[in-house]
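[1] Provided below for reference: sequence and predicted model.
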Amino acid sequence: MATLEIRDLHVTVEADNATKEILKGVDLTVKQGETHAIMGPNGSGKSTLAYSLAGHPKYTITSGTVLLDGEDVLEMSVDERARAGLFLAMQYPVEVPGVSVSNFLRTSATAVRGEAPKLRTWVKEVREAMERLNMDPSFAERNVNEGFSGGEKKRHEILQLELLKPKVAILDETDSGLDVDALRIVSEGVNRVRETGEVGTLLITHYTRILRYIKPDHVHVFADGRIAESGGPELADKLENEGYEAYVKGGASA
Amino acid sequence: MAEAQNSPVGSTTAGAIAVAAESTVATRMSAPPSFAVTDFPVPHGREEEWRFTPLERLRGLHDGTAVATGEGVKVDVEAPEGVTVELVGREDARLGRAGTPVDRVAAQAYSAFEQAGVVTVPKETVLTEPIRIAVHGEGGVAFGHQVIELGAFAEAVVVIDHTGDAVLAANVDYLLGDGAKLTVVSVQDWDDKAVHVAQHNALIGRDASFKSVVVTFGGDVVRLHPRVTYAGPGGEAELLGVYFTDAGQHQEHRLLVDHNTPHCKSNVVYKGALQGDDAHAVWIGDVLIEAKAEGTDTYEMNRNLVLTDGARVDSVPNLEIETGEIVGAGHASATGRFDDEQLFYLMARGIPEHDARRLVVRGFFAELVQQIGVPDIEERLIARIEEELEASVA
């Protein structure tokens, strides 16, 4: 069973000629089939956790370990992490001029699966996945994220999630900027992947709204670069009612 | 009627649409067109037409110090049956008919060549195989003149292939009879030290179509000046260009389409990728719609993809309109970077860095390459783009 183990993770970032510690000892274990919601106020380090796990060069790991099925993730390059089964759905997906969605998806699937998918089944697979996400077929001919609306970008991220079938999916504020309809479509996509039981999901969000569609097994409150409290789904209800104030103050005084 | 789109992202991208009583395209040049080199002052580098060019790297082509040597370039012409291939003297009436040199180096080339090549496709002759002109640099200095003439309703593909090392200044004339169809592919696949400055003049007959494909990879300095004028209504010009500018290279493409005749079309698409320190690409796209050129339909576009830091693009489209009675006129220029965030995004989907770069560059050029319509050139071009990318990763 696939397991992502994060132990005492410390991460710094260079900003304004100074080194700033963003993650201050994160401990978290995500197992296949589980869904963990990570909730926290702005600036608490949620996205840093997501990008550090994916290997973004902006972040420096100063200590700690991240293991995926016992393999050292931090030793891997960005593409190796993806091929090992990590997937990051980005909050702000990047435009890639000159590369069509269909070409991108096929290149990516070829890399992750280790061989080129058979063309006939692949075309069908993509078409069906797009239909489920209410995406027009013409979408495949557009350049990656170029001119996409916010909702289209997020649907495109979830399309990749469905096609690449990772072991661990990190969804970084996938709900931000979506209207209710788009949120529902995107959440249904995530749930289809979850229902396979094959993926561990790390759902990073500022809002509790998405948790009405995607039910987490565990909820963690992130504050000041570490997990401040963990609990079951009831913790999300508490946050819904009380907000993050208690954690922000706690973080500030710590 | 006229539309402009400018989305500069890179180093400099400027554009202008002018509605002028007097052509600024003409007045921007430091001297009127002439066949005599003495009619042009030696450029000092601040002139509009020279301001992007590193004169000190032209090896004297601009100031008269470059002198033709015995081993300049070797020219081999391979032509299918029915085509006439000649070497002619300076007095031949066909020389210089398609256009007049517009700068000092072109005039220098015209003043200094000894014999000109003339390739003639007789009227109504439709070639099924390309005419191939191999220009191989033998390490010396050369001045050249080449004429390619198609009679009425003739059809031909011409591939001019520049390889080796040379300092070459040349004029190439394309004369298209009424209803003729000419595709010319000019490949600049020079060795690293070559310097190549050339003016291409196309005179397009009534209802004739001209397609120019300029492919520039090699050389230290390549400065090409493709120019189009129309001899009668109904003419069409399609000017396509692909360049891949590496560290230290200067590749400059300056185009002029002079809509001097009613009911003609032009479409200009140039795309370039740059990588490495001091890679410098310059694209100047001048389109002039003269007062009498009613019914003109024109569009020009330049796109640049900057792959690494340290490269520079200057892209300047100019559209000058003297009549409102046209079908359409537009231009676009944009320079984009392939940046670390794009690389991260693609790699985060499992795609290795090398493949990610290749994906982006291939995608960038693909559509344009498909428009060339000469299969072996398309294949070679894709292979060369791959090679350039291999070199950059190594």
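    Received, thanks. Numbers count the residues shown, from 1 in each chain, chains lettered A, B, ... in the order given.
[2] Only C-alpha atoms from now on, for both contacts and neighbour counts.
    Fine.
[3] what separates A:E21 from chain B, distance-wise?
    22 Å (Cα to the nearest Cα, to the nearest Å).
[4] and the closest residue to A:V66 other than its chain neighbours, what are its bridge partners?
    Nearest non-adjacent residue to A:V66, counting by Cα to Cα, 6 or more residues apart in numbering or on different chains: A:I6, 4.5 Å away. Beta-bridge partners recorded for A:I6 (DSSP bridges): A:L28, A:V66.
[5] name the helices or strands packed onto the longest strand anywhere in chain B?
    Ranked by residue count under DSSP state E, the longest strand found in chain B is strand B:155-176. Judged by 3 or more Cα pairs under 8 Å, 6 or more residues apart in numbering or on different chains; DSSP states H and E, the packing partners of strand B:155-176 are helix B:104-112, strand B:131-150, strand B:181-188, strand B:195-204.
[6] Check which helices and strands the longest one sits against.
    To tie it back to what came earlier, the one meant is strand B:131-150. Contacts defined by 3+ Cα pairs under 8 Å, 6+ apart place strand B:131-150 against strand B:73-78, helix B:104-112, strand B:116-121, strand B:155-176.
[7] In JSON lines, list the ones you listed along with mean pLDDT.
    Conversion of the helices and strands packed on strand B:131-150 to JSON lines gives the following (pLDDT from 0 to 100):
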{"stretch": "strand B:73-78", "mean pLDDT": "97"}
{"stretch": "helix B:104-112", "mean pLDDT": "97"}
{"stretch": "strand B:116-121", "mean pLDDT": "98"}
{"stretch": "strand B:155-176", "mean pLDDT": "97"}
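[8] how about CSV for those, with mean neighbour count added?
    What follows is these, written out as CSV (neighbours: other Cα atoms under 10 Å in any protein chain shown):
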stretch, mean neighbour count
strand B:73-78, 16
helix B:104-112, 25
strand B:116-121, 22
strand B:155-176, 24
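[9] can you list these in a markdown table and add distance to A:G200?
    Shown next, in a markdown table, are these (distance: least, Cα to Cα, whole Å):
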| stretch | distance to A:G200 |
| --- | --- |
| strand B:73-78 | 65 |
| helix B:104-112 | 67 |
| strand B:116-121 | 70 |
| strand B:155-176 | 57 |
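[10] got the CA coordinates for the longest strand of chain B in PDB?
    Taking Å, rounded to 0.1, in the frame of the first residue of the first chain, the C-alpha atoms of strand B:155-176 are listed here in PDB:
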ATOM      1  CA  GLU B 155       5.600  26.600 -61.600                       C
ATOM      2  CA  ALA B 156       8.800  25.700 -59.600                       C
ATOM      3  CA  VAL B 157      10.300  25.100 -56.200                       C
ATOM      4  CA  VAL B 158      13.800  26.400 -55.700                       C
ATOM      5  CA  VAL B 159      16.000  25.400 -52.700                       C
ATOM      6  CA  ILE B 160      19.000  27.600 -52.100                       C
ATOM      7  CA  ASP B 161      21.300  26.000 -49.600                       C
ATOM      8  CA  HIS B 162      24.000  28.000 -47.900                       C
ATOM      9  CA  THR B 163      26.700  26.000 -46.000                       C
ATOM     10  CA  GLY B 164      30.400  26.200 -45.200                       C
ATOM     11  CA  ASP B 165      32.200  29.400 -44.200                       C
ATOM     12  CA  ALA B 166      32.300  32.600 -46.200                       C
ATOM     13  CA  VAL B 167      31.900  36.300 -46.100                       C
ATOM     14  CA  LEU B 168      29.100  36.800 -48.700                       C
ATOM     15  CA  ALA B 169      27.100  39.800 -49.900                       C
ATOM     16  CA  ALA B 170      24.500  39.000 -52.500                       C
ATOM     17  CA  ASN B 171      21.400  40.100 -54.300                       C
ATOM     18  CA  VAL B 172      18.800  37.500 -55.400                       C
ATOM     19  CA  ASP B 173      16.100  38.400 -57.900                       C
ATOM     20  CA  TYR B 174      12.900  36.500 -58.400                       C
ATOM     21  CA  LEU B 175      11.000  37.400 -61.500                       C
ATOM     22  CA  LEU B 176       7.500  35.900 -61.700                       C
END
